[in-house]
Structure formats: structure tokens, C-alpha cells
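>>> Any chance you could fold what I've pasted below:
(chains A and B)
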Number of protein chains: 2
Amino acid sequence: MLRDLFGTKNRVTFPVSGTGSAGMEAAVCNVIEPGDKAIICINGVFGTRMADVADRYGAEVILVEVPWGQPIDPADVKKALDANPDATLVGIVHAETSTGVLQPMEEIGAACQSHGALLLLDCVTSLGGVPVEVDKWGVEIAYSGTQKCLSCPPGLAPLTMSERALGKMRERKDKVKSWYFDVSMIEKYWGSDRSYHHTGPITMNYAIREALRLVFEEGLKNRFARHALACKALQAGIEALGLSMFAQEGARTPTLNTVAIGGNIDDAEVRKALLHDFDIEIGGGLGPVAGKAWRIGLMGHGAQQANVTYLISALEVIFKKLGYTDRVGDASAAATRVYAEAIA
Amino acid sequence: MLRDLFGTKNRVTFPVSGTGSAGMEAAVCNVIEPGDKAIICINGVFGTRMADVADRYGAEVILVEVPWGQPIDPADVKKALDANPDATLVGIVHAETSTGVLQPMEEIGAACQSHGALLLLDCVTSLGGVPVEVDKWGVEIAYSGTQKCLSCPPGLAPLTMSERALGKMRERKDKVKSWYFDVSMIEKYWGSDRSYHHTGPITMNYAIREALRLVFEEGLKNRFARHALACKALQAGIEALGLSMFAQEGARTPTLNTVAIGGNIDDAEVRKALLHDFDIEIGGGLGPVAGKAWRIGLMGHGAQQANVTYLISALEVIFKKLGYTDRVGDASAAATRVYAEAIA
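Presented below is the predicted three-dimensional model:
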């Protein structure tokens, strides 16, 4: 089921025994040897983290950066690849949880393929919410988490590695620094050898099995449409409130919606009211985006009409109470109209 | 509760977001810098693993080895410390899951304290089943797993680090190689800073909380007595069957009982019959002990009369069927007598 979700035929596709960041570490540490060049794309927290992880494992890190809220420009990746034809890896985040940007992947995948660099994709906030096409895009390593669009408790990090990525791992001169995340050992335990490696978190394995079963019971096409619709309704409501989205248009993930916090709005006050009076928690901005954007997750089971309309309704009540608006109801109406149109 | 269980006042005492081997990796990687000398004691699988982990993180590893089934001789540790007065670390396993040896710790702890080396203790198969006295023994770093004597699902690795161990971590010149296990970052997330690090496996945190509550509801003294009694009854039964224990007398952990497989007994045949006809799984020997010993876990909830008597009874039936004995009942009687005497 993980293979179908990742859009891959990779034999080595399994959940790493840790949460999403463990997936990032496993993805990086198995293929990076000290001195390898790694091109890491940064447009938010998780690209920054990937650069840190690659650096720790001894990579010479080359950064491709754009302001937070924008997608990475494939031309910049090509430029970095041209300047570093011996680069081992290009690391990039598919859906940046810190900014709400969804990265278009086809061009970057093609560039990596033609240069022979391994493309590593962080799918933590995309897998199960939007299409992920590992094989089609030429992604050689991808990982995710369980608690985002799979609606499973946190505790595992789905990982997939192509034969090319495994080849890089097998040809390395030193051992993988991390014993726990050493896929060359894990694949022997998980394969027919059954060479004992580490005890897996078995209750989590049952949990992800059930979560994936539910994903395929719904069907990927239906699931992605549900996420897209919830996002569209949310956005209609947000805009009717007089606010605008933070992430660049055309590059927004429906799973994590960022809202630019307008001039007179008190970030903390609104989030406090949402939490205390309405039992709704939305995320504040991280890093350079702190105070500038809200992060509204619509992931997995959460991407549904009831959540969208309740949040928009709550925001209208709060905005009225705090004196940000006199009009109440327009935003709720706008969100509901999106759902009505989808049925018509 | 973890502090009470570890016998420590260490502020940094928390469950690492991975299974037991993740605890080993976190324990090693935070204090070991490339070139540091690490004295690792090996008398089974997990000492061997610890040496591998230390080596991967760049330690110059000095081995103290004894044959599997024996405890480490404190004199050998002292000798290694004298020969390597600048050693950073002494790593040792409290209860070796592969051999059933329980390591006496007081002398080794004192030796490490007088030499200034950090003592690192693997408590995976001991914590919650036998006394662990981190502070009293002078242990500076200890870790465990959840699925052994705590009877919690696997998925977390309780870890405790003293201020001295944290000091070594803070003074290191390079970053900890592993981002996921970097305690210098985790402690800021877990502390009042709340600097986001990684998403924890929250359902597992609820699970360990409940498991620990049950441990302290029973009381440590009662719990250790229950483990000791189950072990004593098992051993009486095993000996009445004409078999003997594998681990050296006086150095046996009650939590993992190893039985030497006598001359005419077919290891695989007996274990197959136990599993298929009686739904009992015992462990085969690992590494050099394969085919030579059985490993019988009596851990946490499992350390109880019903399990001991059922196993001994099953072995008697199997031994009779396979023609290893004509006498049936002596072993069951012996095991039961131990429980009767405990009540008298």
C-alpha cells in the first residue's frame, strides 16, 4: 500500500521506526558519505532542517534558497547542478509545513535525472493528501510521516528508496553513521534473511496498516479531491473575511493552508480565542514567518466540510468581537457555496 | 516515574522516540566525539552492538570481552581504564538478552567514578524487572526499552543522562551527528523553552505513562520479588527436567532465563512443538550461542506462575513425546513447590 501511495515500484519501501524527522535522517544518512556534495533547497523550516542533517553527516551542502512562501525555481536547481555536476543529491520539500508551499516536481526531477544526482523528496505534509509520483518524477528517495495526511498516530516514517539510491548506499566506503537508521541492515531484517536488527514499534505498524487500508477504501482520487475541495472552501471563506493566502498562488498545498495576517489583526489574540472558546488549534508562523501567517492544517480525516465551516464561522465571531469586521456571515456563506457548487 | 525506576535524580530523563536500540544510539552519539576512547564490554549481542554504534560515531573502541554466558570481570574494566586513563566512556549491558547474564555493577561503577570515565548502562532487559540504581552505582547514562519488563508496546526508549554526561555533550566541538537523537536539541523542546524539535509518538507516550503507573501501583519491591520468584520456579522446573541453566550461576537475570540445551535434545524440534502445539514462543540462541541455549523471557506481566507452570508442563509433555524422558510430572511439581513455599 505504501508503494501505491508513493507512486513507486521500489522494493525497499517501508516505515522507519521513528517519526517524520527520523525519515528525513534515514533518507539522508544512508546515501551521504563525508565529502559528498548535497544540493539542498530551502524555502522553509524543513529544507533548513534537511541542510542541517546533511551537514551533520558530512555533506558539503550547497543551498538553493528562495524567500519563504515561494516555491523553488527549477532553473535555480539546474544552475546548482550545472555548477556542481558531481553532486550526489538534491534534497527538496514537497509540501513545506512552515509556509504551505507545494513544490512542482516534474522539471526538477528531470534535471536531476539528466545530471545523475539522486533526488530526495520530503513528503511529510503531502503523502496521502495530494498526488505523489515518485517513479514518474524521478525521485530516488522519499519519506513521510504518519500523523499528517494519513491520519495515523505519529510514530513511523514511510520511506522509499530506488535501486539507484540503494546502489549509492552499497558502494559507500564507510558504514552508515547511524546504526538505527542503517537501511543496509534493516533491509536484511525486513527481507527474507530475517537477520535481527531492531524491534519495531509493532502497534504503530498495525496502525499504519489500518490507516492505509482506509486511504485505499476511499481511493486516492477521491481523497485528493476531498483535500482540494476543503482547501477551496477554506480559501473562499478566508478571502471573504478580507484576508489573503500567504503562500504564492499556483504553488499552494491544500493540506496546509497559510493565511497572511493582515495589518490590524492580533495573531496571538485570535489563536487564543480559537483555542479557548472554540477548541480549534491552528498553527502560528515559524521562524521568519512568526506573526505573519497562520497555518491551517486540512489533512487526512481533518480535511472535511465540518472543520472548514466551523473554523470560518469561529473566525467570523472572533473578528466581530475584536472589532475587525462588522459583517458576519459572508465568509461562512462563501465557504458553504463552494461545497454546494461541488455537488451541483 | 522514569526517574524512580532508574534510581536517579537526573533532570534529563525521558523516553527517546524510537525502540530500545534508538536508546543505545542516543546514549552513545550525544557524548562520543570522533577520536574519543570508548571501553565497551562484550559478553553477548548487545555489547557487540554497542561497540558497533560507538565505532560508527568515531570512537576509538577498546574491547573488554569474556565468553558469552559470563559476566564482565570488574578487574578487566579496571585494567582497561588504567591502560586508557583518558577514556571517555565505559559501556556495558546490565542484563544481556542474548545470554541471560545480569552484570553486577557496584565495583565497575566505582572504578569509572575514580577514573572519571562516563559509565553507560544498557538496561533494556533489566529496567522494571530487577533493581536499577543509576545514581548509587555511578552510572552517567542509561537507557532501556518499553516492551520488556515494562510490558508496554515497543516504540520508546527511556533514557537518563547525568549532568556530567550532559556536560560532555555541551563541550563537544562538533554537532551530534544524529539530528533525531540530538539531546541538546531535544532537551530544549522537552524543557520550558518548547523549541520545536520533532513530533513525538504521542500514543506511545500515553502507553508508557500507563505502564509506569501499573509498575508503581504494584510497587518496585513487589515487582522485583515477583520476577525473582517466577525465575526460581522456572529454574526448579528446568533442573527437575534434567537440564541446567546456561548463564553463570550468581550472575543470572530473572527476566531472561537461558537454558543449556543438553546433548540429545533437538533445539528446533522442541521450540517448534512449543509454538505449534502450545502457543508458547521461547527464543533460540543468538550468534555463538545458536543451538546451545534457549532464552525464556519472564518479563513484566509475563513473570507469573501461570506462564511458568504452563511452560514446564508443556516441556514435560514434549520431552515425553520425543523420548527424552519417561518421568512426567516431576518438573511441574518442582515449579509449583517453589510457589507454595513462597506463600508458606
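>>> most centrally placed residue in chain A?
residue A:125 (2.5 Å; CA atoms, centre = their mean).
>>> That residue touches residue A:257, doesn't it?
No: counting by CB atoms under 8 Å, residue A:125 stays clear of residue A:257, with 11.1 Å between them. Backbone N, C-alpha and C define where each C-beta goes, glycine included.
>>> how about the residues of chain A that lie near chain B?
Residues of chain A lying near chain B by CB under 8 Å from any CB of the partner chain: A:17-22, A:24-25, A:29, A:49, A:52-53, A:55-57, A:145, A:147, A:153-155, A:175-181, A:196-204, A:207, A:286.
>>> Out of these, which end up buried?
When those are checked for burial by 16 or more other CB atoms under 10 Å in any protein chain shown, the buried set is A:17-22, A:24-25, A:29, A:49, A:52-53, A:55-57, A:145, A:147, A:153-155, A:176-181, A:197-201, A:203-204, A:207, A:286.
>>> got the CA coordinates for the lowest-mean-pLDDT helix or strand in chain A in PDB?
Ranked by mean pLDDT, DSSP states H and E, the weakest helix or strand in chain A is helix A:183-190, scoring a mean of 93. Presented in PDB, the C-alpha positions along helix A:183-190 are these (Å, rounded to 0.1, in the frame of the first residue of the first chain):
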ATOM      1  CA  VAL A 183      18.900   0.600   5.700                       C
ATOM      2  CA  SER A 184      21.600  -1.900   4.600                       C
ATOM      3  CA  MET A 185      20.900  -3.700   7.800                       C
ATOM      4  CA  ILE A 186      17.200  -3.000   8.000                       C
ATOM      5  CA  GLU A 187      16.500  -4.500   4.600                       C
ATOM      6  CA  LYS A 188      18.100  -7.800   5.600                       C
ATOM      7  CA  TYR A 189      15.800  -7.900   8.700                       C
ATOM      8  CA  TRP A 190      12.700  -6.900   6.700                       C
END
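>>> what's that helix in contact with?
A:12, A:14, A:26, A:30, A:159, A:161, A:166, A:169-170, A:176, A:179, A:194-198 (CB atoms under 8 Å, 6 or more residues apart in numbering or on different chains).
>>> and with 6 Å instead?
Helix A:183-190 is contacted by residues A:12, A:14, A:30, A:169, A:195, A:197 when judged by CB atoms under 6 Å, 6 or more residues apart in numbering or on different chains.
>>> Check stretch A:304-320 too.
Under CB under 6 Å, 6+ apart, the answer for stretch A:304-320 is A:230, A:233-234, A:237, A:270, A:273-274, A:278, A:280, A:325, A:328, A:331-332, A:335, A:339.
>>> What residues sit buried inside the least confident helix or strand of chain A?
Neighbour count says helix A:183-190 has A:183, A:185, A:186, A:187 buried, by 16+ other CB under 10 Å.
>>> ok, now stretch A:83-95?
Buried residues in stretch A:83-95 (16+ other CB under 10 Å): A:84, A:87, A:88, A:89, A:90, A:91, A:92, A:93, A:94, A:95.
>>> What's the first helix or strand after the least confident helix or strand of chain A?
helix A:202-218 (DSSP states H and E).
>>> OK, contacts around residue A:53?
Residue A:53 sits in contact with A:24, A:25, A:28, B:179, where contact means CB under 6 Å, 6+ apart.
>>> biggest separation within those, which pair?
Using CB to CB, the two most remote members of the contacts of residue A:53 are A:28 and B:179, lying 8.7 Å apart.
>>> For the stretch 101-250 of chain A, which segments count as helices?
Under the criterion DSSP state H, counting those that start in this stretch, the stretch 101-250 of chain A contains helices at A:106-115, A:134-137, A:163-171, A:183-190, A:202-218, A:220-240.
>>> So which bits of the first one are buried?
Residues of helix A:106-115 classed as buried: A:108, A:109, A:111, A:112, A:113, A:115 (neighbour count, 16+ other CB under 10 Å).
>>> Likewise for the shortest one?
The neighbour-count criterion (16+ other CB under 10 Å) identifies A:134, A:135, A:137 as the buried residues of helix A:134-137.
>>> Can you tell me which of these is closest to chain B?
residue A:134 (22.6 Å; CB to the nearest CB).
>>> ok, that closest one touching residue A:7?
Yes: counting by CB atoms under 6 Å, residue A:134 touches residue A:7, with 5.1 Å between them.
>>> still on that earlier bit, please dump the buried residues of stretch A:83-95 into TSV; it should also carry secondary structure for every row.
Output for the buried residues of stretch A:83-95, formatted as TSV (DSSP: H, G, I helix; E, B strand; the rest coil):
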residue	secondary structure
A:84	coil
A:87	coil
A:88	coil
A:89	strand
A:90	strand
A:91	strand
A:92	strand
A:93	strand
A:94	coil
A:95	strand
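>>> As a markdown table, these with pLDDT and distance to residue B:263 would be great.
Putting the buried residues of stretch A:83-95 into a markdown table (pLDDT from 0 to 100; distance: CB to CB, whole Å) gives the following:
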| residue | pLDDT | distance to residue B:263 |
| --- | --- | --- |
| A:84 | 98 | 65 |
| A:87 | 98 | 61 |
| A:88 | 97 | 55 |
| A:89 | 98 | 56 |
| A:90 | 98 | 61 |
| A:91 | 98 | 58 |
| A:92 | 98 | 62 |
| A:93 | 98 | 61 |
| A:94 | 98 | 61 |
| A:95 | 98 | 63 |
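>>> that older thread, what residues does the closest residue to the residue nearest to the centre of chain A other than its chain neighbours make contact with?
Excluding the flanking residues, the one nearest residue A:125 by CB to CB, 6 or more residues apart in numbering or on different chains is residue A:95, at 4.0 Å. Residues counted as contacts of residue A:95 (CB under 6 Å, 6+ apart) are A:102, A:125, A:126, A:253, A:255.
>>> Model confidence for the first one, exactly?
I take that to be residue A:102. pLDDT for residue A:102: 98.
>>> Then the second one?
Taken from the predicted model, the pLDDT recorded for residue A:125 is 98.
>>> Any buried residues in stretch A:202-221, and which?
Neighbour-count burial for stretch A:202-221 [16+ other CB under 10 Å]: A:203, A:204, A:205, A:207, A:208, A:211, A:212, A:215, A:220.
>>> Could you count how many residues lie near residue A:284?
Residues near residue A:284, counting by other CB atoms under 10 Å in any protein chain shown, number 15.
>>> Next, it: phi, psi?
The phi and psi values for residue A:284, taken as degrees, to the nearest 10, are phi -80, psi 170.
>>> so what's the residue nearest to residue A:71 when sequence neighbours are not counted up against?
Leaving aside its sequence neighbours, residue A:71 sits nearest to residue A:251 (CB to CB, 6+ apart; 4.0 Å). Residue A:251 sits next to A:71, A:101, A:102 when contact means CB under 6 Å, 6+ apart.
>>> Now distance to residue B:292 and neighbour count too, for those residues, in TSV please.
Output for the contacts of residue A:251, formatted as TSV (distance: CB to CB, whole Å; neighbours: other CB atoms under 10 Å in any protein chain shown):
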residue	distance to residue B:292	neighbour count
A:71	60	23
A:101	59	27
A:102	57	24
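>>> and which of those is nearest to chain B?
Using CB to the nearest CB, residue A:101 is the member of these that lies nearest chain B, at 18.7 Å.
>>> For residue A:93, see how far away the closest one is.
Residue A:101 sits at a distance of 8 Å from residue A:93 (criterion: CB to CB, to the nearest Å).
>>> which residue does the stretch 1-150 of chain A bring closest to chain B?
Counting by CB to the nearest CB, the stretch 1-150 of chain A gets nearest chain B through residue A:21, at 4.0 Å.
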